[in-house]
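> Below are the sequence and a predicted model; questions follow.
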Amino acid sequence: MKHKLELIYFKMRALAEAPRLLFHYTNTEYDDLMSWDYYDKEWSEVKPNIPFKQLPMLVVDKEHEICQSIAIMTFTEYLAGINITDPILNAKAIAIMQSAQELFMPLNPTVNFATGEKFIKKRDNMMPFLLSRFEDLEKAIKDNDKTFFIYDEPRACDFTAFHHLDLSKLLDPSIIKKFPRLEKFLDDMMSIQSVKSYLESRPKLIDVSVEPKLVIDGVAHPTGVKKT
Ligand SMILES: N[C@@H](CCC(=O)N[C@@H](CS)C(=O)NCC(=O)O)C(=O)O
């Protein structure tokens, strides 16, 4: 059964990226909408009525509101028929997805919003955590002996890991270079045609650490939850 899917988010390169990548990879049709375009209201007015008061949210068939990016990822994987049926492998995939997702804070807000001295301080403070978590992820993929974290084809956990590892390059491009197996993982993901074409066409995130902006349809917009 085909569902109508509407992904609601803001102007940021953060938690909607993995769902978008997975939609493209699985050739799943969806509408990508900013919160203000979907609701025609300011986020502050909308927020109290959202199931977990945050976005992204996937609206299915104009009826079901699915919040939490991990839930959106596993739902999409299931919908596309690429869910992992082996219970052990599935548990391992969830562990990868959660461990990658924990990189969200403070990596994503720092890259999308922090500027000047604050950016430098946040970057330096999070470095031990990033290095430790990248080390864990590198060990997990090496131990597995497959192209991606679970199989030789990517699953939801790979797209979540991809997003956060890829975003780290905008925080400090030297971090990922310390982890050659993770760099190869990023290259392998980027060599998938559907992933490559999404990455080439998505809004560019520019002026990180100075005055971050997303370039949408050729216009640079400040990152954030407000319509510009
Ligand atoms: N655990 C949630 C976190 C969602 C989240 O932090 N969303 C942020 C944007 S990335 C948000 O809605 N910020 C606006 C607000 O909290 O009012 C998920 O994985 O989806």
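Okay, I see it. Numbers count the residues shown, from 1 in each chain.
> going forward, measure contacts and count neighbours with C-alpha atoms only.
Noted.
> who's in contact with Ala161?
Counting by Cα atoms under 8 Å, 6 or more residues apart in numbering, Ala161 makes contact with Ile96, Met97, Ala100, Gln101.
> Tell me how far the closest residue to the last one other than its chain neighbours lies from Arg202.
What sits nearest to Gln101 in space, not counting adjacent residues and going by Cα to Cα, 6 or more residues apart in numbering, is Thr160, at 6.6 Å. Relative to Arg202, Thr160 is positioned 17 Å away (Cα to Cα, to the nearest Å).
> neighbour count winner among those two?
Thr160 (28 against 15; other Cα atoms under 10 Å).
> Quickly list the domain ranges of the protein.
The chain is divided into the following domains under automatic domain parsing: 5-81+200-222, 87-192.
> before we move on, back to that, so the residue nearest to Gln101 is in which element?
Using DSSP states H and E, Thr160 maps to helix 156-171.
> Go through that helix and flag the buried ones.
156-165, 167-168, 170-171 (16 or more other Cα atoms under 10 Å).
> Export the residues you listed as JSON lines, with columns for distance to the ligand.
Conversion of the buried residues of helix 156-171 to JSON lines gives the following (distance: Cα to the nearest ligand atom, whole Å):
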{"residue": "Ala156", "distance to the ligand": "14"}
{"residue": "Cys157", "distance to the ligand": "13"}
{"residue": "Asp158", "distance to the ligand": "15"}
{"residue": "Phe159", "distance to the ligand": "13"}
{"residue": "Thr160", "distance to the ligand": "10"}
{"residue": "Ala161", "distance to the ligand": "13"}
{"residue": "Phe162", "distance to the ligand": "15"}
{"residue": "His163", "distance to the ligand": "13"}
{"residue": "His164", "distance to the ligand": "12"}
{"residue": "Leu165", "distance to the ligand": "16"}
{"residue": "Leu167", "distance to the ligand": "13"}
{"residue": "Ser168", "distance to the ligand": "15"}
{"residue": "Leu170", "distance to the ligand": "16"}
{"residue": "Leu171", "distance to the ligand": "16"}
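> which bits of the protein sit near the ligand?
Ala14, Leu15, Gln54, Leu55, Pro56, Gln68, Ser69, Ile70 (Cα under 6 Å from any ligand atom).
> again, 8 Å this time
Contact residues, the chain versus the ligand (Cα under 8 Å from any ligand atom): 9-10, 12, 14-16, 43-44, 47, 53-57, 67-70, 101, 108-109, 225.
> Let's see which of these end up in strands.
Judged by DSSP state E, the residues of the chain next to the ligand include Tyr9, Met57, Cys67 as members of strands.
> With adjacent residues omitted, what lies nearest to Phe104?
His164 (6.9 Å).
> quick one, the longest helix seen in the chain and helix 156-171 angle?
Secondary structure of the chain per DSSP state H: the longest helix is helix 116-144. Relative orientation of helix 116-144 and helix 156-171, computed by axes from the mean of the first three to the mean of the last three Cα atoms, to 10 degrees: 140 degrees.
> tell me which strands and helices helix 116-144 is in contact with?
Packing partners of helix 116-144 (3 or more Cα pairs under 8 Å, 6 or more residues apart in numbering; DSSP states H and E): helix 87-101, helix 104-113, helix 180-190.
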